[in-house]
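[1] Need coordinates for the below:
(chains A and B)
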Amino acid sequence: MTNGFQIVVCGSLVPDPLQTLEPVTTPQGPGLKNETMLPSVLDPWAAHALFEAANLAKQIAGSKVWLVSLGPKAKLQQLMMTVAQKAPFELVAIDGSASGFTDAHGVAAALADAIGAIPGLDKSRLLLFGGCASASRDASVTLQLVGERLGIRDQFVGVDEIKVQADGSFSILERIEGGQYLSSTCQAAPAVLAWATGNLPEPPNNPQIGMANMRGVMPALQKAKPAAVGVGGIAYEKTEIPAQKRQTRIVKDATADEIAREIVEWIRS
Amino acid sequence: MTTNETSQTMKMLPGDEIRQIMWRYADRFDIQMAEMGARSVARGLIARLVADGERNTHDWTEAKNRMYQAFDESGITAAGLDLEFGGIIDGPRNLALSVISYELAWVDGGAATTSLVNNLALGPIVEKGTPEQREKYMRASMPPAPGEDRKIWRGAFALTEPLPYVGVDTGVVSGRVSVSEWVEGQEPVLQVEKRGRFITNMAVANFITAAVDTEDPRIKSSCMVILEETDEGTFDRGTPTHKMVHQLSNTSDPIFSLKIPASRIVGGYTVKDGVIIPNLTHSEIIEAVFSRTRVGVGVMTSAKLLSAVEPVIRYQRGRFRGAVGIEAGSPRYDLGLQMKEDALHRLADVWATGEAAASLGFETSRVFDQLTLVEKDAHRIFIEQGFGEGRALMKALRKPQSDAIELLRLLAQPAGARDEARVAELQADTLVQFVWLSALGNVLCPACKLWDTGHGANMLREAVSLMGGYGITEDCPGFLFQKWTDAQLEATYEGPEVVQRRQISLTMSNEVFLAQIEQWVAELRALGAAKPETGAVALAEGFELWRWMLAFVGQTKDAHGRPLSQSQRHGVLFPMADAICWLLAARSFVSDVQELAAKGPEHPVVGPEIEGYLNTFTDLGHVQIARAVGEVGRISAELVYGYAASAEKAGDAAAEFQKLRAKVDGSLAGSRLAKDRAGKALTQIMIPEALDYPM
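    Numbers count the residues shown, from 1 in each chain, chains lettered A, B, ... in the order given. Got it, this is the predicted structure:
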């Protein structure tokens, strides 16, 4: 591994999960009540991918991270005030809808076009990262579609770990059924890694990293190209939030033994 | 835009985009990032500490100590430092520190204090220290870079002392400095004896900036000195103060008996005829520091008021859910207590107070940022002109004061009808800016500290009461009980209420400030004419009444022939100080709503929804104006009649007062309708599913 990886992370914003997310019908199709004003966070699945990318870039000299984000650029700007403090990256912004109801094919096309236009991107060193799903709709196909459009055939979904060998090959752990991992080895980039949770905690905000990132973030937002993504050909017959079930029981000061005993009893029952 | 019963109202509680416009840091990404850093610490570690009961002891625990590391890692510590010393804020930092203070206090005021107190300790050095002192202590206070093996220094500020003084009168200190050794040709060694009381950060402080006086004839005046924990002698951190509030800050009564080099006198010294002459007395330094840091304390209380709105709405709406016979979808299920007007009106009062308090705090912070940019140039100009201090400086200020008054009177005229060239000329004058901003800051700072914390504490009690019995339990979401009781300390430290009232009573009659009021009145009348629903005319009438009262007080004697305007006549001047605070807070809120009206529509995120925000904020502003103007009327009536032997003997002035009072009362038309609309908005605002911090 001489030149390092070029790691492109696809990730955008989703509404803060603590907010009230109520589906409504808008002239543009389905949406969320007060969607434009809902506070946003970086999609948690994409966030895991970003943190893993930053960690990998730190370990492999010569590596660089791009964050490619499709969303309303004013909301992306607000999001960057937090995300830019988490890890060093160069932002590639695409100005368009980040709705959970957009067509994954349209989103993938916009992302692939933006990635293809990154100056100096060397596909032989490219690792395409993103979440294996999204907290907004969970289509679970977007990253694979981007990979296909970029002609990357080695794709791994539900990744929790990557280990790079001295020769540039890397081993990957993918989640599979039954709580098991599928271990694979890939000889070299390019590859698509759609991350599950990975193994890293969320880094604390680091204002120095943030200040460094912001030098590139603001110009990137200013030159963000518009992308006409939408629901495409999808017809939504009905949208609704899952029925709320309140089966929570709040117990304070229970010991670990008591909790364990109760869980075992519940499982046995 | 006019509001009526069918107007759009605020759909969601204001988010970051709205606040950034209102409080004027939409284009300050350094501040926004610092804010996010502070928020992550507040709603993460700090909320967990409170929820885990760490506040149940005044002892400084290992868990509480973790806050310092979090502050260092998130940029909160660095926000108080110059860029060259690892700081992250470009330029003056008052607004940035207030924003950080706001975010931390949203969860816990004590934690906010812990973050601010290092800046308080550094304040004398940053503001008035020698270049060497600034370099040494700011560099030592820099959080270590990753991989750097260095212990960060933390500071404490020691002014207050054990009884009898307790720091109420900052001009009097018992701490003493004397010459211990002075070998000819060498730097003098000083002996410092200082007992502190209620000194925050003492559990961890590595250096102390302490106020001391002297009886040694070889030292000319009082001064501030820097003490280090490794200095020769006694550095006793003292026993923890048994605080019942702000337990996430560490406080004790330390004892220092230390030998220090004279180079630790803050701001340096000169030697003349064998006498050490400190370049600055302790009072001069403290004034420079407190005039800034007090603002952050006021902002803390405002944050707590605004943080109460969401938990109270959630409590009100969910009050009857789960009860037998309360079906989902029924009004009692959806609205709960919000079916009752009283619950809505009281919450509107809490919210309006929080908005006004925050607006006042942030406006004051911005004034000090602007002042910071011009004051050094102003002092340089004064020195170049040969005016140092004292009478010479007072003389030098006459011209810029007169110019500032001229500028404000020009600004009070409608744009286009005034001499714009002269306005531009005066606005570009550094000395004019200096006296204008000084006059403003000298009133706004104590007003913010006094009103935000004092009235804020009262309204936090109201917020607690809105939660019913739940409010005084550990399970109350939003930690409202702690926030209420903490406010009592916020009203006390960095100068209790009496100190702030005293300062306002001295600065409120500054001619430049009075010209500023005239300009505000003109602005408010113009706004009121264009948008009657704002209540701006009522606020203008309130200011006019206060202005009349000031003149009345200045020329009236009580029934015993004693002038009302005597400087120690607290019964007169302090209520006048209270009255102006009410008006200033309401005006700041109106100003912020107007800023939102100007900039909000073009904002890509909030623009489409701005009408609802403006309508509800306007109604809340009107509510606050009515309350403020009502207070001014009440106070004025007490002063006009309260010192007369009888109503009949109150004289012609009373008749004039009655006319003015009638105008003020009449201007309240529509204010209760505004409150009804604000209450209605409260029933419709969408809130998150859960608080974003634990309970």
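[2] for the stretch 151-269 of chain A, what spans make up the strands?
    A:155-164, A:170-176, A:180-186, A:191-195, A:225-226 (DSSP state E, counting those that start in this stretch).
[3] Out of the ones you listed, flag the one nearest residue A:115.
    Residue A:115 lies closest to strand A:191-195 among the strands of the stretch 151-269 of chain A, at 11.3 Å (Cβ to Cβ). The way it works is simple: take the backbone N, C-alpha and C, and place the C-beta from them, glycine included.
[4] Phi, psi for residue A:120 please.
    Per-residue torsions, residue A:120: phi 80, psi 10 (degrees, to the nearest 10).
[5] three-state assignment of residue B:224?
    Secondary structure assignment for residue B:224 (DSSP: H, G, I helix; E, B strand; the rest coil): strand.
[6] tell me the most buried of the strands of the stretch 151-269 of chain A?
    strand A:191-195 (a mean of 27; mean count of other Cβ atoms under 10 Å in any protein chain shown).
[7] how close does the residue nearest the centre of chain A sit to chain B?
    Nearest to the mean C-alpha position of chain A, counting by Cα atoms, centre = their mean, stands residue A:46 at 1.5 Å. Distance of residue A:46 to chain B, given as Cβ to the nearest Cβ, to the nearest Å: 18 Å.
[8] Now that residue: which helix or strand?
    Applying DSSP states H and E as the criterion places residue A:46 in helix A:44-59.
[9] so what secondary structure elements neighbour that helix?
    strand A:6-10, strand A:64-71, strand A:126-131, strand A:155-164, strand A:191-195 (3 or more Cβ pairs under 8 Å, 6 or more residues apart in numbering or on different chains; DSSP states H and E).
[10] That helix: which residues count as buried?
    Buried residues in helix A:44-59, counting neighbours by 16 or more other Cβ atoms under 10 Å in any protein chain shown, are found at A:44-57.
[11] among the strands of the stretch 151-269 of chain A, which is nearest chain B?
    strand A:225-226 (12.3 Å; Cβ to the nearest Cβ).
[12] Check what contacts the closest one and list those residues.
    A:94, A:95, A:96, A:114 (Cβ atoms under 8 Å, 6 or more residues apart in numbering or on different chains).
[13] Just send these back as TSV, with pLDDT, neighbour count and secondary structure too.
    Below are the contacts of strand A:225-226 laid out as TSV (pLDDT from 0 to 100; neighbours: other Cβ atoms under 10 Å in any protein chain shown; DSSP: H, G, I helix; E, B strand; the rest coil):
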residue	pLDDT	neighbour count	secondary structure
A:94	97	23	strand
A:95	96	19	strand
A:96	94	23	coil
A:114	98	22	helix
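[14] between the residues you listed, which is nearest chain B?
    The closest of those, once distances to chain B are taken by Cβ to the nearest Cβ, is residue A:95, at 9.6 Å.
[15] My read is that that closest one contacts residue A:222, right?
    No - between residue A:95 and residue A:222 there is no contact under Cβ atoms under 8 Å: 10.3 Å.
[16] and the residue of chain B found nearest chain A, what does it touch?
    Distance from chain A to each residue of chain B (Cβ to the nearest Cβ) is smallest for residue B:75, at 3.2 Å. Residue B:75 makes contacts with A:85, A:205, A:206, A:207, A:208, A:210, B:33, B:34, B:37, B:88, as judged by Cβ under 8 Å, 6+ apart.
[17] returning to that earlier point: residues touching the helix holding residue A:46, excluding its own?
    Against helix A:44-59 from outside (Cβ under 8 Å, 6+ apart): A:4-5, A:7, A:9-12, A:14, A:41-42, A:63-65, A:67, A:83, A:86-89, A:127, A:129-135, A:162, A:164, A:193-203.
[18] 6 Å instead?
    The contact list for helix A:44-59 (Cβ atoms under 6 Å, 6 or more residues apart in numbering or on different chains) reads A:7, A:9, A:11, A:63, A:65, A:87, A:129-131, A:133, A:135, A:195, A:197-198, A:200.
[19] Now that helix: average pLDDT?
    Per-residue pLDDT over helix A:44-59 has a mean of 97.
[20] With adjacent residues omitted, what lies nearest to residue B:643?
    residue B:558 (3.8 Å; Cβ to Cβ, 6 or more residues apart in numbering or on different chains).
[21] so that neighbour sits right up against residue B:644, yeah?
    No - with contacts counted by Cβ atoms under 6 Å, residue B:558 stays clear of residue B:644, the gap being 7.6 Å.
[22] Near chain A, which residues of chain B are found?
    Residues of chain B lying close to chain A by Cβ under 6 Å from any Cβ of the partner chain are B:11-12, B:15-16, B:29, B:32-33, B:36-37, B:40, B:73-75, B:88, B:604-605, B:609, B:686, B:688-690, B:692.
[23] List buried residues within those residues.
    Buried members of the residues of chain B next to chain A, scored by 16+ other Cβ under 10 Å, are B:11-12, B:15-16, B:29, B:32-33, B:36-37, B:40, B:73-75, B:88, B:605, B:609, B:686, B:688, B:692.
[24] OK, contacts around residue A:92?
    With Cβ under 6 Å, 6+ apart, residue A:92 has these contacts: A:66, A:68, A:114.
[25] mind putting the residues you listed in a markdown table, distance to chain B included?
    Output for the contacts of residue A:92, formatted as a markdown table (distance: Cβ to the nearest Cβ, whole Å):
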| residue | distance to chain B |
| --- | --- |
| A:66 | 20 |
| A:68 | 20 |
| A:114 | 20 |
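[26] Out of these, flag the one nearest to residue B:575.
    Taking those together and measuring to residue B:575 by Cβ to Cβ, the closest member is residue A:68, at 61.6 Å.
[27] where in the stretch 101-250 of chain A is pLDDT low?
    A:244, A:246 (pLDDT under 70).
[28] tell me the contacts of whatever residue of it ends up closest to chain B?
    Across the stretch 101-250 of chain A, the shortest distance to chain B (Cβ to the nearest Cβ) belongs to residue A:207, at 3.2 Å. Contact analysis of residue A:207 by Cβ under 6 Å, 6+ apart lists B:33, B:37, B:75, B:88.
[29] and the second one, which of the three is it?
    Right, the one you point to is residue B:37. Residue B:37 ends up helix, using three-state DSSP.
[30] For it, give me the pLDDT.
    94.
[31] close enough to count as contact, it and residue B:72?
    No - if you go by Cβ under 6 Å, residue B:37 and residue B:72 don't touch, sitting 10.7 Å apart.
[32] roughly how far apart are residue A:259 and residue A:54?
    Residue A:259 sits 36 Å away from residue A:54, going by Cβ to Cβ, to the nearest Å.
[33] Could you do residue B:335 as well?
    Residue B:335 is 47 Å from residue A:54, by Cβ to Cβ.
[34] Can you pull the residues of the stretch 51-200 of chain A lying near chain B?
    Within the stretch 51-200 of chain A, the positions near chain B by Cβ under 6 Å from any Cβ are A:74, A:75, A:78, A:81, A:82, A:85.
[35] The nearest residue to residue B:559 once chain neighbours are set aside: what secondary structure?
    In this structure, residue B:559 finds its nearest non-sequential neighbour in residue B:645, 4.0 Å apart by Cβ to Cβ, 6+ apart. What three-state DSSP gives for residue B:645 is coil.
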